[in-house]
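In: I need the structure of the sequence given here:
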Amino acid sequence: MNRIYKLISFFPIFILGCTPNVIEENKVKQKIDSLDMDIFSNKGEKIYSITSPYSSFDKNKQKFQLQKTIINIFNGEEIKYIIKSDESTLSNNNKFLELKGNVKLKTIGQDEDILHADNFIWNIDEINYLLRGNIRFENKNIILNSAKAKLGSDNIIEFFNPVKYVIKGNKNGDKYEINSENAQYNIKTESVSFKAKEKRVRSIIYF
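Out: Okay, here's the model as predicted:
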């Protein structure tokens with residue numbers, strides 16, 4: 001039977017469930033196997049859940065270190081995004097979340113929409129998610145690359161300079177390429193808009 005731990009703090013409310021394999025290294029740090037944690041708002045709504053096959057908790061720093069993390073971000077009772085990474089940290093009373101290494105975000109309800117990055121940063125008091133390093137958004141129709149991106153609660157991904165946008169072609173290769181300073185992709189409408197303050201938007205068509 002899993003032990004249930006309640007993290008009593010300010011808002012939001014946190015509930016931690018994990019298997020009995022909790023080993024105290026010392027009075028400061030604990031190892032936790034098969035961690036399964038749900039984070040709730042003060043209204044009792046589930047904000048996100050985290051699972052990790054191996055993690056540790058530093059009591060002094062009030063910080064979790066997690067390996068092979070899987071995170072489900074909720075919108076009401078429905079899962080909105082599923083995020084995976086090699087490792088992650090959870091701090092500031094479980095309000096600050098950072099994922100590192102092979103970050104892969106998949107949207108729910110859209111066909112094959114996947115966002116890759118080196119890092120994913122989220123302060124749950126804010127409505128935006130920040131992604132950094134080797135950003136690559138891809139679905140069955142397009143590819144968007146940049147060094148930095150921001151995903152908002154309005155389902156719009158903003159890509160920052162420089163941005164490369166490719167419309168996929170047939171088996172012979174991609175057909176259309178656009179380079180711009182900034183771009184925005186609307187997940188729901190599947191539309192792209194481009195912005196350039198200093199340089200013009202440059203496009204290439206392949207035949």
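
In: chain center to stretch 183-195: distance?
Out: Its chain's average C-alpha position is 19 Å from that of stretch 183-195, according to Cα atoms, centre = their mean, to the nearest Å.

In: that stretch spans what distance, first to last residue?
Out: End-to-end distance for stretch 183-195, by Cα to Cα, to the nearest Å: 6 Å.

In: I'd like the average pLDDT over that stretch.
Out: Mean per-residue pLDDT for stretch 183-195: 86.

In: what's stretch 144-158 in contact with?
Out: Applying Cβ atoms under 8 Å, 6 or more residues apart in numbering, the external contacts of stretch 144-158 come out as 105, 115, 117, 127-138, 159-166, 182-188, 192. (Glycine included, C-beta is placed from N, CA and C.)

In: dig out what Phe96 forms beta bridges with.
Out: Taking DSSP bridges as the rule, Phe96 bridges to Ser91, Asn123.

In: residue contacts, it?
Out: Leu90, Trp122, Asn123, Ile124.

In: cool, and Ile50?
Out: Taking Cβ under 8 Å, 6+ apart as the test, what Ile50 contacts is Leu35, Asp36, Met37, Ile39, Leu66, Thr69, Ile70, Ile71, Ser88, Leu90.

In: looking at the residues you listed, which one is closest to Ile142?
Out: Relative to Ile142, the closest of these is Ile71; by Cβ to Cβ it sits at 25.0 Å.

In: can you give me the neighbour number for the closest one?
Out: Neighbour count of Ile71, defined by other Cβ atoms under 10 Å: 25.

In: so which strand or helix has the closest residue to it other than its chain neighbours?
Out: Nearest residue to Ile71 in three dimensions, chain neighbours excluded: Ile83, at 4.4 Å (Cβ to Cβ, 6 or more residues apart in numbering). Using DSSP states H and E, Ile83 sits within strand 78-91.

In: got the CA positions of that strand in PDB?
Out: Extracted in PDB, the C-alpha atoms of strand 78-91 (Å, rounded to 0.1, in the frame of the first residue of the first chain):
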ATOM      1  CA  GLU A  78      -8.800  17.100 -18.900                       C
ATOM      2  CA  ILE A  79      -5.100  16.700 -19.600                       C
ATOM      3  CA  LYS A  80      -3.900  19.600 -21.800                       C
ATOM      4  CA  TYR A  81      -0.200  18.800 -22.300                       C
ATOM      5  CA  ILE A  82       2.000  15.800 -21.600                       C
ATOM      6  CA  ILE A  83       5.700  16.700 -21.000                       C
ATOM      7  CA  LYS A  84       8.700  14.300 -20.700                       C
ATOM      8  CA  SER A  85      12.300  15.100 -19.800                       C
ATOM      9  CA  ASP A  86      15.500  13.400 -18.600                       C
ATOM     10  CA  GLU A  87      15.400  15.300 -15.300                       C
ATOM     11  CA  SER A  88      13.700  18.100 -13.500                       C
ATOM     12  CA  THR A  89      13.600  20.100 -10.300                       C
ATOM     13  CA  LEU A  90      10.600  21.300  -8.300                       C
ATOM     14  CA  SER A  91      11.000  24.100  -5.800                       C
END
